[in-house]
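> sequence-free structure coming up:
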């Protein structure tokens, strides 16, 4: 009866304003790739021979692009009470460019889930780097955020930028090119150039973090000074 939620949004924009004659907004990277990763993680997790002490609920959410409406709806009418929800882990866009030596995990610095994230990242030889673009507020713009506002400690395992075998600055260049040309555009389509090793790396890290939280018996909280801590404290008092 203790739950870990794992989310990834399956919506995009559908048919919209034409750009270069194309009006179909596919959302292949954002976020069909994240949903594919979610489904594969769920398949692997369900096939594990051992069962942890806590349950894991994989959720494909809707209407994220319209204002996190699907995850907000879940938080307002959860399948399991939020005071039984230990943690929330969100996947928004898989790494489709290759393995990295670093990773960003927004949220790990904000709450007790960071202990699990840092240990597993170190085990995999990954350096946790701060968000390269904090001005964009990614932590406040994806499906884990309604959970956080309700008090549930949340993590958002994202991408690194130090790609193995690539020159310095290549990861930054790729990220900027995607944002300029493909983000929320019809050109966000499947590409034969995608490299899946980075997504596998991202999925393994995320699965191992989830496994450790599920095996643990403590209840993580937000760090002192975090705006979500009061909601978590009230939630815990109601258990």
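Happy to help now that I have it. Just so we're clear, the structure is a prediction, and the values are computed from it rather than from any experiment. Residues are numbered from 1 along each chain as shown.

> can you map out the strands along this protein?
3-9, 14-19, 22-25, 55-61, 85-90, 102-103, 127-128, 154-155 (DSSP state E).

> could the ones you listed be laid out in a markdown table, adding mean neighbour count, distance to residue 199 and mean pLDDT?
For glycine as for every other residue, the C-beta is placed from the backbone atoms N, C-alpha and C. Shown next, in a markdown table, are the strands of the chain (neighbours: other CB atoms under 10 Å; distance: least, CB to CB, whole Å; pLDDT from 0 to 100):
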| stretch | mean neighbour count | distance to residue 199 | mean pLDDT |
| --- | --- | --- | --- |
| strand 3-9 | 25 | 12 | 98 |
| strand 14-19 | 11 | 24 | 90 |
| strand 22-25 | 15 | 22 | 92 |
| strand 55-61 | 19 | 16 | 97 |
| strand 85-90 | 27 | 15 | 98 |
| strand 102-103 | 21 | 13 | 97 |
| strand 127-128 | 14 | 18 | 97 |
| strand 154-155 | 28 | 17 | 97 |
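
> and of the ones you listed, who's closest to residue 225?
strand 154-155 (16.4 Å; CB to CB).

> centre of the chain to whichever helix in the chain runs longest, how far?
The helix that spans the most residues within the chain, counting by DSSP state H, is helix 197-215. What separates the centre of helix 197-215 from the centre of its chain is 11 Å, taken as CA atoms, centre = their mean, to the nearest Å.

> for that helix, what is the average pLDDT?
Averaged over helix 197-215, pLDDT sits at 97.

> starting at the chain centroid, how far to the lowest-mean-pLDDT helix or strand in the chain?
Using mean pLDDT, DSSP states H and E, strand 14-19 stands out as the lowest-scoring helix or strand of the chain, at a mean of 90. Computed by CA atoms, centre = their mean, the chain-centroid distance of strand 14-19 equals 26 Å.

> and that strand, what does it pack onto?
strand 22-25 (3 or more CB pairs under 8 Å, 6 or more residues apart in numbering; DSSP states H and E).

> burial of residue 120, as a residue count?
Residue 120 is flanked by 22 other residues according to other CB atoms under 10 Å.

> the closest residue to it other than its chain neighbours: what's it in contact with?
Spatial nearest neighbour of residue 120, chain neighbours left out: residue 208 (4.5 Å); criterion: CB to CB, 6 or more residues apart in numbering. Residue 208 is in contact with 120, 123-124, counting by CB atoms under 8 Å, 6 or more residues apart in numbering.

> kindly report the same for residue 13.
Contacts of residue 13 by CB under 8 Å, 6+ apart are 25, 27, 65, 184.

> how close does the residue nearest to residue 120 get to residue 117?
9 Å (CB to CB, to the nearest Å).

> state the distance from the nearest residue to residue 187 once chain neighbours are set aside to residue 191.
What sits nearest to residue 187 in space, not counting adjacent residues and going by CB to CB, 6+ apart, is residue 181, at 6.1 Å. Residue 181 is 12 Å from residue 191, where distance means CB to CB.
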